[in-house]
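K.L.:
Here you go, sequence then predicted model.
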Amino acid sequence: MLSINPPTAALLLNESIDLRPGDWVAQNAANSGVGRSLIAIAKARGLKTLNFVRTIAPFDLIAKRVVVKGFFLNHPDVELKIPSALSETAPLVASGVIRVPIAATYRLTAFREAVAHVQRGGKVMFDVDGVI
């Protein structure tokens, strides 16, 4: 988790407009790993968040002065910024401030059961060595 979601969230905040403490950030998919990381990092930076979670039905958002930003994590310009994002986010992961709840762990032989679980809702992990 540390190598993808938290640095992605930190870079999303870094690469957007100049954000100052007290500014608002809105995001969709706030219940994802990146979304939860963004909430924790924004809070640590003094930012306020407006968070939407995914639903089956699409929704429309009407807003003025909305800036939409995105990037590819493996782009050469972004790769140079990953170490500083990791430096900021590693302590948040280690302390438990950034955490993605895992609903269940399955062996690879229980793949169908794991997929059924995800379809009902919840994140799952696979135990590939049989040690968890």
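P.N.:
On my side now, so go ahead.

K.L.:
C-alpha from now on. contacts and neighbour counts both.
P.N.:
Will do.

K.L.:
any idea how this protein splits into domains?
P.N.:
Following automatic domain parsing, one finds the domains of the chain at 5-94, 101-132.

K.L.:
In TSV: the ones you listed, plus mean neighbour count and mean pLDDT.
P.N.:
Listed next are those as TSV, based on neighbours: other Cα atoms under 10 Å; pLDDT from 0 to 100:
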stretch	mean neighbour count	mean pLDDT
domain 5-94	15	81
domain 101-132	13	84
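
K.L.:
what about stretch 97-111, how long is it end to end?
P.N.:
30 Å (Cα to Cα, to the nearest Å).

K.L.:
any chance you could map the helices in this protein?
P.N.:
In the chain, the helices defined using DSSP state H lie at 5-14, 33-44, 76-79, 82-94, 111-120.

K.L.:
what's the closest of the ones you listed to residue 100?
P.N.:
Distance to residue 100, taken as Cα to Cα, is lowest for helix 33-44 among the helices of the chain, at 5.9 Å.

K.L.:
follow-up on the earlier one: next, format the helices of the chain as TSV and append distance to residue 103.
P.N.:
Converted to TSV, the helices of the chain look like this (distance: least, Cα to Cα, whole Å):
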stretch	distance to residue 103
helix 5-14	18
helix 33-44	14
helix 76-79	32
helix 82-94	18
helix 111-120	9
